[in-house]
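Colleague: Generate a structure from the sequence data that follows.
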Amino acid sequence: MLVNLLINFSLLTTFIFFGDMILALLKGKRAFSRLQLHALYGIGFGLFGIVQLYFAFPLGDGTIIDFRQVSILASTYLGGPVTGMISTSLIALFRLFFLGEINEATLLGVVNIAITFLVGVFAFSLKIPAFYRWLVAACGMVILSTCILLPLVGWTNIGTILLFDMICFMACLFNYLLINHLEKSHDALEMFKEAAERDFLTGLHNPRSFNLIFKKTAEISALQNETFSLLLIDIDHFKVVNDTYGHAAGGVVLSKLADILQSGIRIRDYCARKGGEEFAVLLLRCTADKGMTVAEKLRSSVQDSIFVLPDQSQLRITISVGVSSFPESAPAEMLEKADEALYEAKGKGRNQVCYAEPQLT
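Modeller: Numbers count the residues shown, from 1 in each chain. Down below sits the predicted model:
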């Protein structure tokens, strides 16, 4: 019996670990709504609960023991009542109609499944830390299992029942630790990913991230024949700011400018710090004329803004902007074209916007 219990225990933990990996791969390929994600959890744990029934073993009088209850609790914890209901329904229906004849043990097993779901809904709705919610759920499941098994197998098998209760209890707590570890790992991964993609000073995309976004945008736009525009922005005479007020003041200026640029574009657009005092803005589904309009708006906003430095002194700055667009310029040439337009803006006296005119063929 101990071997079978450990097999069930190992199956459950392995399913959660590898299921999490598979779900992460699926999320990487397409976006799931909250409802779709919860349905996947429910169906996945339901099917796994059915698999666990085949690794069950008789305790006496046709009674079947396995870890299906732990699967129901995990499903309810991860997705809520609807998810738990999906898992519970799948397991209960299979237990009733596809796993031997219907008898008293079968009916009590279905009752056990249903009440386990209710125990999970109650426990996981409590406004207490997750560990204590799992503790309440595990205690409820153990008490419920004991009350159902005793009338079936009698007091002569109380030692077996208590052993099963103990391992089920440990399985619940271990699954909490495993799920908690996976959740923390995902959070840490998101933090590392964010740090790898963002500039530490301004919070904007860094050059590596921006280059990947630009490449992806260029590919999609070329396939779907959609316009987009690129803005390269440089702070005029930024070296003077650093030399006069210090690098701390320069950092404040860069951070404030990033806020102005980000607030001046749409949510779907991208803004990045290319390095030093140079920034880039990618405007999706944006024609050349609209790109010039946005660039002029940003230039005007910066010119009208007051930058408060660490010593509380006030400073005004200006920017020069170079603009290129697709399909007027090929994606492979847009960065170079925008850079040429930026230098043209600086050569004309700075604080202005210039457009990269396409070469005539």
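Colleague: Going along the chain, name the strands of the stretch 1-150 of the chain.
Modeller: Ranges of strands in the stretch 1-150 of the chain, per DSSP state E, counting those that start in this stretch, are 57-60, 63-65.
Colleague: now stretch 233-252, how far from the centre of its chain.
Modeller: 37 Å (C-alpha atoms, centre = their mean, to the nearest Å).
Colleague: Confirm V281 sits in a strand?
Modeller: Yes. V281 sits within a strand when classified using DSSP: H, G, I helix; E, B strand; the rest coil.
Colleague: can you pull up the bridge partners for it?
Modeller: L231, C271 (DSSP bridges).
Colleague: Please shift the residue numbers so they start at 58 in all later answers.
Modeller: That works, and once the first residue is 58, the last one we named lands at V338.
Colleague: Got phi/psi on R330?
Modeller: phi -100, psi 110 (degrees, to the nearest 10).
Colleague: excluding its backbone neighbours, what's nearest it?
Modeller: Spatial nearest neighbour of R330, excluding adjacent residues (C-beta to C-beta, 6 or more residues apart in numbering): D256 at 4.3 Å. In this view, the C-beta of every residue, glycine as well, is placed from N, C-alpha and C.
Colleague: low-confidence ranges in the stretch 108-257 of the chain?
Modeller: Applying pLDDT under 70 to the stretch 108-257 of the chain flags residues 113-122, 247-253.
Colleague: just the helices in it please.
Modeller: Counting by DSSP state H, counting those that start in this stretch, one finds helices in the stretch 108-257 of the chain at the ranges 125-136, 138-154, 161-181, 187-210, 215-254.
Colleague: Pick the most deeply packed of those.
Modeller: Burial of the helices of the stretch 108-257 of the chain is given as mean neighbour count (mean count of other C-beta atoms under 10 Å); helix 125-136 ranks first at a mean of 28.
Colleague: Stretch 64-75 - what's its average pLDDT?
Modeller: Here stretch 64-75 scores 78 as its mean pLDDT.
Colleague: which residues touch it?
Modeller: Defining contact as C-beta atoms under 8 Å, 6 or more residues apart in numbering, one finds that stretch 64-75 is touched by 105, 108-109, 112-113, 123-124, 127-128, 131, 224, 227-228, 231-232, 235-236, 239.
Colleague: Tell me the gap between it and the middle of its chain.
Modeller: The answer for stretch 64-75 is 24 Å, by C-alpha atoms, centre = their mean.
Colleague: I'd like the C-alpha coordinates of that stretch written as CSV, please.
Modeller: Extracted in CSV, the C-alpha atoms of stretch 64-75 (Å, rounded to 0.1, in the frame of the first residue of the first chain):
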residue,chain,number,x,y,z
ILE,A,64,3.3,6.5,-6.6
ASN,A,65,0.2,8.7,-6.4
PHE,A,66,2.1,11.3,-4.5
SER,A,67,4.9,11.3,-7.1
LEU,A,68,2.4,11.5,-10.0
LEU,A,69,0.7,14.5,-8.5
THR,A,70,3.9,16.5,-7.9
THR,A,71,5.3,15.5,-11.3
PHE,A,72,2.1,16.6,-13.0
ILE,A,73,2.1,20.0,-11.4
PHE,A,74,5.8,20.6,-12.2
PHE,A,75,5.7,19.5,-15.9
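Colleague: which of the residues in it are buried?
Modeller: Buried residues in stretch 64-75, counted by 16 or more other C-beta atoms under 10 Å: 64-66, 68-70, 72-73.
Colleague: now stretch 382-394
Modeller: Neighbour counts over stretch 382-394 (16+ other C-beta under 10 Å) mark 382-383, 385-386, 388, 390-392, 394 as buried.
Colleague: Save those residues as TSV, and put in secondary structure and distance to A337 too.
Modeller: Shown next, in TSV, are the buried residues of stretch 382-394 (DSSP: H, G, I helix; E, B strand; the rest coil; distance: C-beta to C-beta, whole Å):
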residue	secondary structure	distance to A337
S382	strand	14
F383	strand	15
E385	coil	18
S386	coil	15
P388	helix	14
E390	helix	15
M391	helix	11
L392	helix	8
K394	helix	13
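Colleague: What count of nearby residues applies to V380?
Modeller: Residues lying near V380 (other C-beta atoms under 10 Å) number 28.
Colleague: is it fair to say it lies in a strand?
Modeller: Yes. Counting by three-state DSSP, V380 is part of a strand.
Colleague: and it, what does it touch?
Modeller: Shown in contact with V380 (C-beta under 8 Å, 6+ apart): 286-289, 345, 348-349, 352, 395, 398, 410-413.
Colleague: could you redo the last one with a cut-off of 6 Å?
Modeller: By C-beta atoms under 6 Å, 6 or more residues apart in numbering, the residues touching V380 are 288, 348-349, 352, 398, 412.
Colleague: Skipping its backbone neighbours, what lies nearest I170 in space?
Modeller: Leaving aside its sequence neighbours, I170 sits nearest to A149 (C-beta to C-beta, 6+ apart; 5.0 Å).
Colleague: cool, and P388?
Modeller: Nearest non-adjacent residue to P388 (C-beta to C-beta, 6+ apart): A275, at 3.5 Å.
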